[in-house]
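> predicted model, plus sequence, below.
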Amino acid sequence: MRNPQLNDHGELRHLLSIEGLPRDIITHIMDTASSFLEVSDREVKKVPLLRGKSVFNLFFENSTRTRTTFEIAATRLSADVVNLDVRTSSTSKGESLLDTIDNLAAMHADMFVVRHAQSGAPYMIASHVGPDINVINAGDGRHAHPTQGLLDMYTIRHFKKDFSNLTVAVVGDILHSRVARSDIHALTTLGVPEVRAIGPLTLLPPGLEQMGVRVFTDMREGLKGVDVIMMLRLQNERMRGALLPSAQEFFKHYGLTAEKLALAKPDAIVMHPGPMNRGVEIESAVADGPQSVILKQVTFGIAVRMAVMSILAGGR
Amino acid sequence: MRNPQLNDHGELRHLLSIEGLPRDIITHIMDTASSFLEVSDREVKKVPLLRGKSVFNLFFENSTRTRTTFEIAATRLSADVVNLDVRTSSTSKGESLLDTIDNLAAMHADMFVVRHAQSGAPYMIASHVGPDINVINAGDGRHAHPTQGLLDMYTIRHFKKDFSNLTVAVVGDILHSRVARSDIHALTTLGVPEVRAIGPLTLLPPGLEQMGVRVFTDMREGLKGVDVIMMLRLQNERMRGALLPSAQEFFKHYGLTAEKLALAKPDAIVMHPGPMNRGVEIESAVADGPQSVILKQVTFGIAVRMAVMSILAGGR
Amino acid sequence: MRNPQLNDHGELRHLLSIEGLPRDIITHIMDTASSFLEVSDREVKKVPLLRGKSVFNLFFENSTRTRTTFEIAATRLSADVVNLDVRTSSTSKGESLLDTIDNLAAMHADMFVVRHAQSGAPYMIASHVGPDINVINAGDGRHAHPTQGLLDMYTIRHFKKDFSNLTVAVVGDILHSRVARSDIHALTTLGVPEVRAIGPLTLLPPGLEQMGVRVFTDMREGLKGVDVIMMLRLQNERMRGALLPSAQEFFKHYGLTAEKLALAKPDAIVMHPGPMNRGVEIESAVADGPQSVILKQVTFGIAVRMAVMSILAGGR
């Protein structure tokens, strides 16, 4: 079966998932992001690569933060961005998702950035649109969040240079996390020899071992000697649900404290996709400490999204 | 009485309604739209005609779709667009509509695109603003939706070339439809010899015959030999109201099916202003079939709105 | 203690409050605004001073009007503007204000325009951000609304030329008004010899006399011989509260009517920050009359905000 993300020449056509993305494309995105990193540092933070292109932010699920990062990335590439609050638009008037897409396509859209609560929605859109439109998955259900995965890889490469000798731990609610899924696929593809998943049994999905991941329910055990700690956000709704006793209880066992961090390598870096629940997943002393690279992730995220957009637009 | 849409030289100053719009102005708008159609096909989809102009989208009634088409049209003309969600703004703080308008005018607005639930609101605004500001009616109450009417005419001209030998049927809830009203005025002005209105008696306004329209309550009868079928959207609220038995019942009598479409001329085109209620006004096989030009209407709509904006800005 | 608004060379670094702003900086802002006034009158209403800069409108409290004025000012300086409806974003996901700020800063923001219901929030943000970011207070709690104060001063200077011989009356709900606070500080700093506060005892804050303000509870008494009348907006919630008998009663005693206006100097000007409650604070005949400069305030407001933004960006 053909990879829906690539065209016949094996070039990136849509970014839907890190699963199935060849290593050289991930590397190409990271290399391109490097060149964009300095654009955001300039006096005039703009390049004309997407001038006159129409980028639509289609957020069927609300996420001001993520939408903003894509809006900024597109704007710094000189694109025209239209933000569609799809929750209040035609879909609520009974129009189907694909009718909405067809309509926007008929307005000569160039790119759709799609966030949707339903896993697979960006795939459905990508397989529906014509050859002139690129689709970027900005998070679909529990499935994937590929630009987050890519910016996480960029961050690791920036600080650790080489993936081939790393031990990386992903900690928290792995079951419900599209970020975890994207990160694990990316780490595996890039050749990280040891990927660990740390969390309570109720928040660990089945099948992790088959993906080559070592599973730990004891955080102290799992953090020993790691180079990278990737914390996950605990959704508020989980804390209220049956899967967890309480936020306090979660923090006690799976919150990252300075004391637990000391079990990792001395130069280990601490990552978090944001927004953070301080005192739930992570202690403030760690979040703001010298090993935290959490804000660097945000900065790199803009460059990575600029890279993805420019590669998609150029590959057409 | 002077036509509030035209200046002393008979040039377009505001676009408020197709009623009272001279035929040569409608034709001029369509000719101008033709030249903009290729702009949206370019690598760089922009022309600098409205550079540095401030266009305000004043949507007192929510319509993401229509707002988006105006935003895209203005952006492709290089205007600066400000979207005002007026429902949550000063008007809710007790400020009058005209005070809001005066304030925005004092910020040196160039153009107001107005959608309002109350018929006539754009007229009130147009008669209030100074000579430097143009007003476009983006739909007012049950009264008018002139850019929809214009893009519908553009679509008919594109496919049928000449208006002088056509039979056109408008089908559905004509009573509540500003689109129907605008279309009927446009068709009459452009010299269409036979305009038909098809719908249940409860959804047909009085006075259609006086406008030169032939009225049919039997859809099969009304579709015989027509060149153009213009379906209307059935508002959800009507379906729940006393005017209609049910959506299923409506579809049975007034939904466009392949079987009913066969009664029209073989090369008849099918139009719909969107968003569609599939299975209520129109069968999917027809909506997506070879005679449907529904998505072409959307594409032409951008060009028509660019034409209206550029003519208004140029005529000042 | 250092003034947090100024850098080590005494240049403007943030605009947080008129309190503590040196007179020469206020004058410099007004002089700069003069030069921007004609930009909004041009065919192409844009100058490239902030091209490629990222301005974030952070409105933690809803104010479409004020947000729009900053958006227009930034756009006419060619900045890229991102509007963040912060009420629906990460802060509601439990993220702290400063984490939100850190994240946006990491996206290489250049300027934050902050409206917040809590007094002092813009100060907290300004003291937190790095040297590359400027903060503008767009209204914080009951504390300050410095750009409103500055545009009010610009308006007075425009019509009265000189501050040194004026009598200015501020009328209405002074207790809850950040506008009143900013205006009184500005008038005092610019050397206005007589500032009067007029309102019911329940809406007059203590300490006015210590600020050099003459207090009047009788509006007719207070208006005698004044050059400038600055009306304040009466918040709807006050009218329903215990502090006021009724809107009608308020209007009777403290509403500006033509009859009361006649007590001021014949060339007195009438100001209001908007949105107006006609028939509560002010009679329509006065609001729309020859002495009203209310819409001029709006026009000058754009130029003043452009001046503040360009001075902040240039001073870096």
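Looks like it came in fine. Residues are numbered from 1 along each chain as shown, chains lettered A, B, ... in the order given.

> for chain C, tell me whether the lengthiest helix in chain A is touching it.
Assignment by DSSP state H gives helix A:294-314 as the longest helix of chain A. Yes: residues of helix A:294-314 contacting chain C under Cβ under 8 Å from any Cβ of the partner chain: A:L295, A:K296, A:V298, A:T299, A:G301, A:I302. For glycine as for every other residue, the C-beta is placed from the backbone atoms N, C-alpha and C.

> can you pull the contacts of the fourth one?
Pointing back at A:T299 there. Residues near A:T299 by Cβ atoms under 8 Å, 6 or more residues apart in numbering or on different chains: A:L37, A:S40, C:A106, C:M107, C:H108.

> okay, it: pLDDT?
The per-residue pLDDT reported for A:T299 equals 97.

> next one: the second one
Predicted confidence (pLDDT) for A:K296: 98.

> helix, strand or coil for the residue nearest to A:G52 when sequence neighbours are not counted?
For A:G52, ignoring the flanking residues on the chain, the nearest one in space by Cβ to Cβ, 6 or more residues apart in numbering or on different chains is B:V44 at 3.2 Å. Put simply, B:V44 is coil when judged by DSSP: H, G, I helix; E, B strand; the rest coil.

> ranking the residues of helix A:294-314 next to chain C by neighbours, who comes first?
The residue in the residues of helix A:294-314 next to chain C with the most neighbours, by other Cβ atoms under 10 Å in any protein chain shown, is A:G301 (29 neighbours).

> what about it, distance to B:M309?
Separation of A:G301 from B:M309 (Cβ to Cβ, to the nearest Å): 36 Å.

> over to A:E194?
The value you get for A:E194 to B:M309, if Cβ to Cβ is used, is 60 Å.

> more neighbours: the two, which one.
A count of neighbours by other Cβ under 10 Å puts B:M309 above the other of A:E194 and B:M309, at 28 against 16.

> which residues touch that one?
Taking Cβ under 8 Å, 6+ apart, one finds B:L50, B:V55, B:A73, B:A74, B:L77, B:A79, B:M111, B:I136 in contact with B:M309.

> assumed the second one was part of a strand.
What it means is B:V55. Yes: assessed by three-state DSSP, B:V55 belongs to a strand.

> surely A:F251 meets A:G279?
Yes: A:F251 lies in contact with A:G279 (Cβ atoms under 8 Å); the separation is 6.2 Å.

> what's around A:I125, how many residues?
Neighbour number of A:I125 under other Cβ under 10 Å is 24.

> state the distance from it to chain B.
16 Å (Cβ to the nearest Cβ, to the nearest Å).

> got the contact list for the nearest residue to A:I198 once chain neighbours are set aside?
Excluding the flanking residues, the one nearest A:I198 by Cβ to Cβ, 6+ apart is A:G222, at 3.9 Å. For A:G222, the contact set (Cβ under 8 Å, 6+ apart) comprises A:A169, A:V171, A:R196, A:A197, A:I198, A:R214, A:F216.

> look up phi and psi at A:M111.
Recorded main-chain torsions at A:M111 are phi -150, psi 140, according to degrees, to the nearest 10.

> how about it, what does it touch?
A:53-56, A:74, A:79, A:133-136, A:309, A:312-313.

> most neighbours among those residues, which one?
Highest neighbour count within those, by other Cβ under 10 Å: A:M309, with 28 neighbours.

> for the helix or strand harbouring A:A74, packing partners?
Using DSSP states H and E, A:A74 falls within helix A:64-76. Where contact means 3 or more Cβ pairs under 8 Å, 6 or more residues apart in numbering or on different chains; DSSP states H and E, helix A:64-76 is packed against strand A:54-59, strand A:80-85, strand A:111-116, strand A:134-140, helix A:294-314, strand C:80-85.

> among those, which comes closest to B:V179?
Nearest to B:V179 among the helices and strands packed on helix A:64-76 is strand A:80-85 (22.1 Å), distances taken as Cβ to Cβ.

> list the neighbouring strands of the closest one plus their orientation.
In the sheet, strand A:80-85 lines up against strand A:54-59 (parallel) (DSSP bridges).

> touching the strand it pairs with from outside, list them.
By Cβ under 8 Å, 6+ apart, strand A:54-59 touches A:66-67, A:70-71, A:74, A:79-87, A:104, A:107-115, A:138, A:309, B:45, B:72, B:75.

> can you pull the contacts of A:I156?
If you count contacts by Cβ under 8 Å, 6+ apart, then A:I156 has A:F163, A:L166, A:V168, A:V228, A:I269, A:M271 around it.

> could you report the neighbour count for the third one?
Other residues near A:V168 number 25, with proximity taken as other Cβ under 10 Å.

> next SSE downstream of the helix or strand harbouring it?
Per DSSP H and E, A:V168 falls inside strand A:167-171. Using DSSP H and E, the helix or strand that follows strand A:167-171 in sequence is helix A:178-189.

> what lines up beside the next helix or strand after that next one in the sheet?
Going down the chain from helix A:178-189, the next helix or strand is strand A:194-198, by DSSP H and E. Strand pairing for strand A:194-198, determined by DSSP bridges: strand A:167-171 (parallel), strand A:213-216 (parallel).

> so which residues make contact with stretch A:119-131?
By Cβ under 8 Å, 6+ apart, stretch A:119-131 touches A:4-5, A:14, A:16, A:60, A:97-98, A:101-102, A:105, A:112, A:114, A:116, A:135-137, A:140-144, A:316.

> what comes up buried for that stretch?
For stretch A:119-131, the neighbour count (16 or more other Cβ atoms under 10 Å in any protein chain shown) marks A:A121, A:P122, A:Y123, A:M124, A:I125, A:A126, A:V129 as buried.
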